[in-house]
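Trainee: Here is a sequence together with a model predicted from it:
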Amino acid sequence: MNTDDTFVFPTSSGQRRLWLLDQLIPGSPAYHVGWRITLTGTLDRGRLEHALTTAVNRHEALRTTFTATDGVPSQVVTTRADVRLTDLVESEVDTLVRHRFDLATGPLLRAGLAATGPDEHVLVLVVHHAVVDEWSCAILVDELARAYAGEDLPEPAIQYPDYAVWQREQADANAFADAARYWQAELAGIPTVLPLPTDRPRSAAAGHGADLVRDLEPVPDASFGTLLAVYQAMLHRLTGQEEFLIATPVAGRTRPETEHLVGFLANTLALPARIPPGTTFAELAKHTSDAVHGALANQDMPFEELVDLLPAERSRAHAPVAQVMFAVEPAPEPITVDGLTIAPRLLPTGGSKFDLCLTVEPGPDRWLARWNYDTDLFDQSTVEGFADLYAVLCAAVTADPDRPIAELPLRDGTRTVVDTPAAGTVTFDLARFGDAPAVADAHRLLTYRELDENANRLAHLLRANGVGPDVPVALCLERGVPVVTAILAVWRAGGGYLPLDPAWPADRLATMVTDAGCPVLVTHDAAAVALPGERTVINLDTADLAAQPATPPGPTAAPGTVSYLLYTSGSTGTPKGVTVTHGGVQNLLSAMDELLDLRPDDRVASITTPSFDVSTVELLVPLLRGARVTVVPAGEVSDGLRLRQRLIDTGATVVQGTPSAWRMLVTAGGVPAAVRLRISGGEAMTRELADALQSGGARLVDGYGPTETTVYSTAGTVPASPAPVRLGDPVGATTLHVLDPALRPVPDGVLGELYIGGAGVARGYLNRPGLTAAKFLPDPFSTTPGARLYATGDLVRMRSGRLEFLGRADHQVKVRGFRIELGEIESVLREHNLVRDAVVTVWRGSETDVRLVAYVLPGPRLDPNELRPWLSARLPDYLVPNLVMTLDAVPRTPTGKVDRTALPDPVWAPTRTRVVAPRDDVERRLALLWRDVLHLGPAVDLSVHDDFFALGGHSLTATQLLARVRTQLSVNLPLASVFGTPTIAGLGASIARAQAGDRSRTLLDRLDDLSDAEIGKLLAT
Amino acid sequence: MAGKAWDMSDVDGRRYRVVVNDEEQYSIWAADQELPAGWHVEGTEGDRPVCLDHIERVWTDMRPRSVREYLSA
């Protein structure tokens, strides 16, 4: 390959990574390095051009391009290159900086000169990062000045290809083994994803960046470790994460001969932050400074190898290793030669390698904080908030370094005082709607008058059996009209109800009914479940209701008495019963009535099970307006096509569902247009789903709230795209507070835990005084003496007066709207006599694909295949893990906690129903290529639907695969196609399309594919 | 009775007091913080598990006092 003019060398590891990134996102300016060099004084343009050519010709790196053979890149160095200095005007600087480089053809350096004033010019140098780094700037500028002055420069000691060869030899000689051991220990168990509070979700088109530069008050302790620790503290307060990684660049010039070498030598280190609760700033700064020293002593190991040390990502929806960077770079000193002052500074390239990068630039006169951020993720106003926060924290830690970081004051500590009006009880004046249809199911339809009378008759019978205020009545009923009648009857009798889903395991129902101590059970033949214990059973199919009066019994419920008991997943393995009051329900129903503003001609299709508290909204709010409720049978609710048809058949105008239910309908052909009002609750709404639900001008109302504060604590109409989806207004007399661990309000934008006060706050957990006291706290914001505040455990932040939901403070998760404590499933698994220990995690394939994975430490003779059926007998379906994997040992962090990041990836392969062998010539040839690049032996069955990455593929093997596709099948596929459809069948289809010359797959499609992989950030410098 | 929902990992370095409101509902409050109106100190002080264990023993009737009075009226 060498010719008279060119020489081919192996690449360095950093070059390989940047080359690969360029294959993925060709021409991204994120990897351009730009310098703006101000030249003050009389300029000799010819001497400058000559000096530039001299400097370029001294460094092979600046004469390098790249070639690839079989998906492996090499560097190609030409013997000589002339630099053309383009004349520019100021407004063309941006274009020069952003214009794409072609790594294959070069040149990878360009220069422009603009006159900016009398005796002032600006020299703009733009170079691809594959051949320089930011330290190269100082070397180049120094040489440029000396060459301009006419000085003869000595030959460089070594050239970049020598370095690349040396680096490869080092790797081959295992020279990084000690460093690898250091990093392995240093980074053990640390999460590689930092959930930054972004304004928008990640998109594939990574790397659009902007810079925000702010003055920074000089900090007395200007050490790198301290400034980094403030950044760590800030990120901790923004995200709530106790452990995370921050990338930092190092020069990588640890040997004397590389000191003056131009090229991409800089390395990236990942520095761990560990901030357990109670950590003071002084402790963090000490720990961080120690970590920095250790890291610098082990800085030669290339970042690419460091990436390999970290456990594989559990999810492809996130970017691994580190998403934020920190650097301290003193502003470069100007140089003066021959009356010309040369003052370089870095130029924003319009790209971002990281989600967020803070560079502190301490100068003799003033300090700057440069915030480079990904504009796809952040608004400028958000980053301004970060800049304020960093500045506030710099001052706060200087003033009080011994205060816990979680309690560093971020704004003045005044507390807003909110009044909480007293609550009443809800009454349903059903009779006034007379013969209008009230509630229907597959078997019957009741008018308002009939519903009123039936509820009254049952209420009298309940009274006769001892039901009154604060008495819980178990309702074990199939979904349908009887549920509505029974709820109204229990309330009219003064009591509260406990919903029992007949589909749940009998053991679980027995636990609940026993804990609640229900003296009466209302059921019917369709829901016959044998429950232990002595109680009165009212069977609606046989009870003599006609003998009871049709008039209402006298009112007896009081606001503080029990309205219903709802059991939610409990971390200790037993569900816990939330005691909700009549006052709370009244607050909810009246506020939702006002918000939804239903009409008498509305038809509400009820699809939610009564054992999920949001059902109260769809079953009862319509009855305040004379609208009709149609209860959809359980069998149709989970089948999108049938549900959609049922909604059309019943002429539904209003439906409430979880986001999962809505997605199912959207996938099944869309929500019928007649459904004018769509209510969503139980899980976080996303912008993409909101867009789908707002089609045709339909109104979308989103509700949020824990069971403990009565169904919905916030609700509101979701604004149209592109407004971000945030939580709605407080529901009725509900108060919301975002607080730090010292229960102090945090500023907008900072993560805190949501605390909810006001009328919806439940009495607590039945028979669980300690747990109730732990979660229901004195409300310091209320003017009502003795009021309580519920600690939701939900992490939120306030933005422009609205709350954003950001996750959980614990291991509670939501799957298809169900609230799940992973600890509950773990506890039940440990009850199996052949299970020694168990860990349950959530695996996310995508926004819509969330699965539970159980890991068990098996005792002798355990057949893991029997665990799922065993669990199904004890837990509702939604709590049964999708996959059970066995472990030899439960991985632990140094502090003894379960290290969830070190659990093996779930192997989904065994769940495939059948192996589909290649079906045509293209698939057969692809299969051979897969076996080749993945090193699969002939014994491995390969199905055309197997996932390339599940079989151990990674970005480099994917590139090799495509190189072979190119040579053997003469088809040029983008790398993104492997990430988009990582199967033989999918790639075969892409090849067929490409061969057919089908251009219907737009660039946008391909970028959409890429978003799953987030590959750009995966390989970030 | 199910296992406790709190354990030694709930020790957060803070001292708490057991507090009670006029409804005779129990809770905990950081010992160094001013107590909100309508709450008074019950007498027990310690780390979180100590206070919660104590409440688990002494809060035997979880109905608010106004509800108990309403029911017996």
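Mentor: Arrived safely.
Trainee: ok, so what distance separates the residue of the stretch 1-150 of chain A found nearest chain B from A:Val127?
Mentor: Using Cβ to the nearest Cβ, the closest approach of the stretch 1-150 of chain A to chain B is made by A:Arg17 at 40.2 Å. Using the backbone N, CA and C atoms, a C-beta is placed for each residue, glycine as well. A:Arg17 is 17 Å from A:Val127, where distance means Cβ to Cβ, to the nearest Å.
Trainee: One more: A:Ala742?
Mentor: According to Cβ to Cβ, A:Ala742 and A:Val127 sit 50 Å apart.
Trainee: Those two: which is more packed in?
Mentor: Using other Cβ atoms under 10 Å in any protein chain shown as the criterion, A:Ala742 and A:Val127 rank with A:Val127 on top: 26 against 15.
Trainee: Grab the nearest non-local neighbour of that one.
Mentor: A:Leu109 (4.6 Å; Cβ to Cβ, 6 or more residues apart in numbering or on different chains).
Trainee: Which of the three states applies to A:Leu458?
Mentor: helix (DSSP: H, G, I helix; E, B strand; the rest coil).
Trainee: My guess is it contacts A:Ile487. True?
Mentor: No. Judged on Cβ atoms under 8 Å, A:Leu458 makes no contact with A:Ile487 at a distance of 10.1 Å.
Trainee: near chain B, which residues of the stretch 701-850 of chain A show up?
Mentor: Residues of the stretch 701-850 of chain A found near chain B (Cβ under 8 Å from any Cβ of the partner chain) are A:741-743, A:763-764, A:766-774, A:776-780, A:782-788, A:827.
Trainee: can you rerun that using 10 Å?
Mentor: A:741-744, A:763-789, A:821, A:823, A:827 (Cβ under 10 Å from any Cβ of the partner chain).
Trainee: The residue of the stretch 1-150 of chain A closest to chain B falls within a helix, correct?
Mentor: Yes. Under three-state DSSP, A:Arg17 sits within a helix.
Trainee: That one contacts A:Val307, doesn't it?
Mentor: Yes. In terms of Cβ atoms under 10 Å, A:Arg17 counts as a neighbour of A:Val307; the distance is 9.0 Å.
Trainee: Of these two, which one has the most company?
Mentor: Counted by other Cβ under 10 Å, A:Arg17 and A:Val307 do not tie: A:Arg17 has more neighbours, with 24 against 18.
Trainee: per-residue confidence for that one?
Mentor: Looking at A:Arg17, its pLDDT reads 84.
Trainee: try A:Pro722
Mentor: At A:Pro722, pLDDT is 81.
Trainee: Three-state assignment for it, please.
Mentor: On the three-state scheme (three-state DSSP), A:Pro722 is labelled coil.
Trainee: what about it, how many residues close to it?
Mentor: By other Cβ under 10 Å, the residues close to A:Pro722 number 8.
Trainee: how close does it sit to A:Trp662?
Mentor: 20 Å.
Trainee: what's near enough to touch the nearest residue to A:Arg58 once chain neighbours are set aside?
Mentor: The shortest distance from A:Arg58 to any non-neighbouring residue, by Cβ to Cβ, 6+ apart, is to A:Pro156 (6.0 Å). By Cβ atoms under 10 Å, 6 or more residues apart in numbering or on different chains, the residues touching A:Pro156 are A:58-60, A:139, A:143, A:162, A:257, A:260-262.
Trainee: Out of those residues, show me where the pLDDT dips lowest.
Mentor: On pLDDT alone, A:Glu257 ranks lowest of the contacts of A:Pro156, at 87.
Trainee: For A:Glu134, see how far away it is.
Mentor: 20 Å.
Trainee: buried ones in the host helix or strand of A:Val922?
Mentor: Element membership for A:Val922 (DSSP states H and E) is helix A:921-934. Buried residues in helix A:921-934, counted by 16 or more other Cβ atoms under 10 Å in any protein chain shown: A:922-923, A:925-927, A:929-930, A:933-934.
Trainee: Send me it as PDB with only the CA atoms.
Mentor: C-alpha atoms of helix A:921-934 as PDB (Å, rounded to 0.1, in the frame of the first residue of the first chain):
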ATOM      1  CA  ASP A 921     -29.700 -16.900  -0.600                       C
ATOM      2  CA  VAL A 922     -29.100 -13.400   0.900                       C
ATOM      3  CA  GLU A 923     -30.000 -14.700   4.400                       C
ATOM      4  CA  ARG A 924     -27.800 -17.800   4.000                       C
ATOM      5  CA  ARG A 925     -24.900 -15.600   3.000                       C
ATOM      6  CA  LEU A 926     -25.500 -13.200   5.900                       C
ATOM      7  CA  ALA A 927     -25.600 -16.200   8.300                       C
ATOM      8  CA  LEU A 928     -22.200 -17.300   7.100                       C
ATOM      9  CA  LEU A 929     -20.900 -13.700   7.600                       C
ATOM     10  CA  TRP A 930     -22.400 -13.600  11.100                       C
ATOM     11  CA  ARG A 931     -20.800 -16.900  12.100                       C
ATOM     12  CA  ASP A 932     -17.600 -15.600  10.800                       C
ATOM     13  CA  VAL A 933     -17.400 -12.200  12.500                       C
ATOM     14  CA  LEU A 934     -19.100 -13.400  15.700                       C
END
